[in-house]
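A.B. asks: got a sequence here, can you model it:
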Amino acid sequence: MSDAPSPATSTAPDVAPARGSRLLAMLRRLRPYAQGSGPYLALVAIAVIVTAITEPLVPALMKPLLDRGFGDNRLALWIVPAALISLFAVRGLSTFVAKYGTSAVTYSIVERLASAQFSVLHKAHPSLYTKSTASSLSNTMVYELQLGASMVVNTLLSLVKNLLSVVALLGYLLYLNWQLTLIVFSVGPAMAWVIRALSKRLHKLTKQSQSATDELAYVVEENVLAWRTVRLHHAQETQQKRFAGLAHSLRRLAVKSTIASAAVMPVTQILAAVALSAVITAALWQSSTTSISVGGFAAFVTAMLLLITPLRAMSEVAGSLTRGLTALERGLDLLEHTPQEASGSYRPTDTTTPLPLQFENVHLTYPNAEQSALAGIDLQVTPGRTIALVGSSGSGKTSLVNLLPRFVDATQGRVLLGGVDLREWQMDALRQQFSFVSQDVVMFSDTVAANVALGEAPDAERVKAALKAAHLQDWAGALPQGIDTQVGHNANTLSGGQRQRLAIARALYKNAPIVVLDEATSALDTESEQAVKAALAELTAGRTTLIIAHRLSTIEHADEIIVMHQGRIVERGTHSQLIATSGHYARLHQLGSATGSV
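C.D. replies: A predicted model of the protein is given here:
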């Protein structure tokens, strides 16, 4: 069994490229997942434009209200309230439509991206699972995908809405007084420089926070899976310190990100205050030389003050957009750059008859390993025979059987099934040839029937027949809903023997011609082992069987025993033949005779 993978670390560059180019690139990558969202996008665009158009209408009402609302030639009393109510009704409706359409588009994209990512997991090259932890993959697919898509789409909506509002208000300001408006324009470059500088800092901190979050999630995952070991060794305090250290690092990064993000607002507000002060000073100077009405001046100042809100919102876009883009990039990189398993095209017409299995000079070296896991393996397995693989831990037994469903590929030599190289087989057809039963039983949080018929639609009669052959019919019959009863998280409420027999029932239902038993009884007591052995007898009848086992009772009946040591086959023969040679197997047998294991 391989060790748990270490937490994946990000190798992306720390310095963000120009945010505009990143945004455009991200939109291009998201485009395939937004198909069918055209009507919602059109609705959002119309609503945003309407909202932006109504923005300068508020200050526009100030001019006639102040110039004609008092004294002679007054406006009718109903005009102002009617105009205000109508204006804000239109703004409220357009805002609602924009948010509704944005939400529909966002979660449509999230749904398609999540489905595509989950599909990639099932097609990914096995190296993905050795380089990434379960917690980091879950974090990327669930949390970061939701967060990234939501932040990018909502921030983009806010950016477009506020940009259009700024354009509308600036247009109105130019219409009122172009000289004063030039003063407003002067603060633009300074704001852009501040936002760009802080965005680079925020991008770097966001990447570091992602890695820190992965490490923290991995610690939680380890402690949840190994809670018995932690308590048995009284390791709660050391694990708590480990968690606290990582949590502290994450907090420091979060605070730094907040500082970088929060610094944008006060700086832009100061720049806006400088511009406002200059405008008021210039307007007062102009009033002494030109005829500026009170209403005109009030409308200009009101429009300028209204300009501060969208400008401030646009300054805050940097933080959320950077975080959203970084989160989405990670999810899309998983989707677009994860290598898939290479599959051949061969598919046999008969999928039930056992085929001959042959290993030809097979070598296997894992990445970064100093020693080969397998070296020069030559082995022929005749259909219908039972072959036992014996050897000390690390001798290569599990690596050998993992070659069969191509969980790993030989680095040299080849493995043939039915005379055809495994790499030429269509992947699903190849894996249909094998059933695996190991000591590490994995069950899904679903019904008994769904777990037995894993990968197929459950057929009640076939499920019951498989349970009966696995000696579980009495147990299944006593369940509240029979075979439709939920087994819970990994069927943890079942005994070891029941879980093992449920795995055997799954293998019986699959009805594969080749069965691999990977130490299937090594963790069971004698009574449970006898029940499982009876179920195994049903499973292996008429099938090619490969057994990895330590208990003598499971290998003495084998047609041939293969003895492995340091990745090589050192002996082969029947139990009696190997005992008679007084070689490696005989020594293992002598060492294990006291406990009944090899």
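A.B. asks: next, the buried residues of the helix or strand harbouring S135.
C.D. replies: If you go by DSSP states H and E, S135 is part of helix 134-138. Going by neighbour count (16 or more other C-beta atoms under 10 Å), the buried part of helix 134-138 is S135, S136, L137. C-beta: built from backbone N, CA, C; applies to glycine.
A.B. asks: that helix: how far from the chain's middle?
C.D. replies: Taking C-alpha atoms, centre = their mean, to the nearest Å, one finds helix 134-138 lying 6 Å from the centre of the chain it belongs to.
A.B. asks: next helix or strand past it?
C.D. replies: Note on helix 134-138: by DSSP H and E, the next helix or strand toward the C-terminus is helix 145-176.
A.B. asks: need the helix or strand of this protein with the lowest average pLDDT.
C.D. replies: Ranked by mean pLDDT, DSSP states H and E, the weakest helix or strand in the chain is helix 227-232, scoring a mean of 69.
A.B. asks: next secondary structure after that helix?
C.D. replies: Next in line after helix 227-232, if elements are assigned by DSSP H and E, sits helix 236-262.
A.B. asks: that next one - contacts with which helices or strands?
C.D. replies: With contacts taken as 3 or more C-beta pairs under 8 Å, 6 or more residues apart in numbering; DSSP states H and E, helix 236-262 sits against helix 188-225, helix 294-337.
A.B. asks: so which of those helices comes closest to K161?
C.D. replies: helix 294-337 (7.8 Å; C-beta to C-beta).
A.B. asks: G497 and A534 touch, don't they?
C.D. replies: No - G497 is not in contact with A534 according to C-beta atoms under 8 Å; the separation is 10.9 Å.
A.B. asks: the domain parsing of this protein - what is it?
C.D. replies: Annotated domains of the chain cover 21-337, 357-592 [automatic domain parsing].
A.B. asks: hang on, the earlier thing: more neighbours, G497 and A534?
C.D. replies: It is G497, of G497 and A534, that has more neighbours when counted by other C-beta atoms under 10 Å, with 21 against 14.
A.B. asks: now that one: which helix or strand?
C.D. replies: Going by DSSP H and E, G497 is in helix 496-510.
A.B. asks: could you give the separation of that helix from the chain centroid?
C.D. replies: 30 Å.
A.B. asks: which neighbours does the helix or strand following that helix have in its sheet, and in what orientation?
C.D. replies: Scanning forward in sequence from helix 496-510 by DSSP H and E, the next helix or strand is strand 514-518. Strand 514-518 sits in its sheet next to strand 434-438 (parallel), strand 544-548 (parallel), going by DSSP bridges.
A.B. asks: now the next helix or strand after strand 514-518: buried residues?
C.D. replies: Sequence-wise, the next helix or strand downstream of strand 514-518 (DSSP H and E) is helix 526-540. Buried positions in helix 526-540, judged by neighbour count with 16+ other C-beta under 10 Å: S528, E529, A531, V532, K533, A535, L536, E538, L539, T540.
A.B. asks: tabulate these (JSON lines), appending distance to Q412.
C.D. replies: Putting the buried residues of helix 526-540 into JSON lines (distance: C-beta to C-beta, whole Å) gives the following:
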{"residue": "S528", "distance to Q412": "41"}
{"residue": "E529", "distance to Q412": "38"}
{"residue": "A531", "distance to Q412": "42"}
{"residue": "V532", "distance to Q412": "37"}
{"residue": "K533", "distance to Q412": "37"}
{"residue": "A535", "distance to Q412": "38"}
{"residue": "L536", "distance to Q412": "34"}
{"residue": "E538", "distance to Q412": "38"}
{"residue": "L539", "distance to Q412": "33"}
{"residue": "T540", "distance to Q412": "31"}
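A.B. asks: hmm, which two among the residues you listed are most spread apart?
C.D. replies: Farthest pair in those, by C-beta to C-beta: S528 and T540, 18.1 Å.
A.B. asks: what average pLDDT does the helix holding G497 get?
C.D. replies: Looking at helix 496-510 alone, the average pLDDT works out to 87.
A.B. asks: next one: stretch 535-544
C.D. replies: 83.
A.B. asks: pull the CA atoms of it into CSV?
C.D. replies: Extracted C-alpha coordinates of stretch 535-544, given in CSV (Å, rounded to 0.1, in the frame of the first residue of the first chain):
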residue,chain,number,x,y,z
ALA,A,535,-17.8,-16.7,0.5
LEU,A,536,-14.4,-16.6,-1.3
ALA,A,537,-14.9,-20.2,-2.4
GLU,A,538,-18.1,-19.1,-4.2
LEU,A,539,-16.3,-16.1,-5.7
THR,A,540,-13.2,-18.0,-7.0
ALA,A,541,-15.0,-21.0,-8.5
GLY,A,542,-14.2,-21.2,-12.2
ARG,A,543,-12.2,-18.0,-12.2
THR,A,544,-8.5,-17.1,-12.4
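A.B. asks: tell me where the model's unsure across the stretch 451-598 of the chain.
C.D. replies: 520-529, 551-554, 592-598 (pLDDT under 70).
A.B. asks: can we see that at 80?
C.D. replies: 489-490, 492-493, 496, 519-536, 549-554, 556, 589-598 (pLDDT under 80).
A.B. asks: how would you label the residue nearest to V442 when sequence neighbours are not counted: helix, strand or coil?
C.D. replies: Of all residues not flanking V442 in the chain, N490 sits nearest, at 6.7 Å (C-beta to C-beta, 6 or more residues apart in numbering). The assignment at N490 comes out as helix when based on DSSP: H, G, I helix; E, B strand; the rest coil.
A.B. asks: got a markdown table for the helices and strands packed on helix 236-262, with mean pLDDT and mean neighbour count too?
C.D. replies: Listed next are those as a markdown table, based on pLDDT from 0 to 100; neighbours: other C-beta atoms under 10 Å:
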| stretch | mean pLDDT | mean neighbour count |
| --- | --- | --- |
| helix 188-225 | 75 | 18 |
| helix 294-337 | 78 | 20 |
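A.B. asks: in TSV, list those along with distance to N402.
C.D. replies: As requested, the helices and strands packed on helix 236-262 are exported to TSV (distance: least, C-beta to C-beta, whole Å):
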stretch	distance to N402
helix 188-225	21
helix 294-337	24
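A.B. asks: ok, the residue nearest to the spatial centre of the chain - contacts?
C.D. replies: The chain has M141 as the residue nearest its centroid, 2.4 Å off, counting by C-alpha atoms, centre = their mean. Neighbouring residues of M141 by C-beta atoms under 8 Å, 6 or more residues apart in numbering: A114, Q117, F118, L121, G331, L334.
A.B. asks: which helix or strand contains the second one?
C.D. replies: When secondary structure is defined using DSSP H and E, the element that contains Q117 is helix 79-123.
A.B. asks: what's the angle from that helix to helix 294-337?
C.D. replies: Interaxial angle, helix 79-123 versus helix 294-337 (axes from the mean of the first three to the mean of the last three C-alpha atoms, to 10 degrees): 10 degrees.
A.B. asks: check which helices and strands helix 79-123 sits against.
C.D. replies: helix 38-54, helix 57-68, helix 145-176, helix 294-337.
A.B. asks: output the ones you listed as JSON lines; include the columns distance to A244.
C.D. replies: Compiled in JSON lines, the helices and strands packed on helix 79-123 are given as follows (distance: least, C-beta to C-beta, whole Å):
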{"stretch": "helix 38-54", "distance to A244": "44"}
{"stretch": "helix 57-68", "distance to A244": "52"}
{"stretch": "helix 145-176", "distance to A244": "25"}
{"stretch": "helix 294-337", "distance to A244": "25"}
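A.B. asks: so which of those helices comes closest to T95?
C.D. replies: helix 38-54 (5.9 Å).
A.B. asks: V152 contacts T326, correct?
C.D. replies: No - if you go by C-beta under 8 Å, V152 and T326 don't touch, sitting 10.0 Å apart.
A.B. asks: give the buried residues for whichever strand or helix holds T130.
C.D. replies: For T130, the host element (DSSP H and E) is helix 127-131. For helix 127-131, a neighbour-count test (16+ other C-beta under 10 Å) marks L128 as buried.
A.B. asks: put the alpha carbons of that helix into CSV.
C.D. replies: This file holds the C-alpha atoms of helix 127-131, laid out as CSV (Å, rounded to 0.1, in the frame of the first residue of the first chain):
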residue,chain,number,x,y,z
SER,A,127,-0.4,10.3,-10.7
LEU,A,128,-2.9,13.0,-9.7
TYR,A,129,-3.8,11.0,-6.6
THR,A,130,-0.2,10.7,-5.5
LYS,A,131,0.6,14.4,-6.1
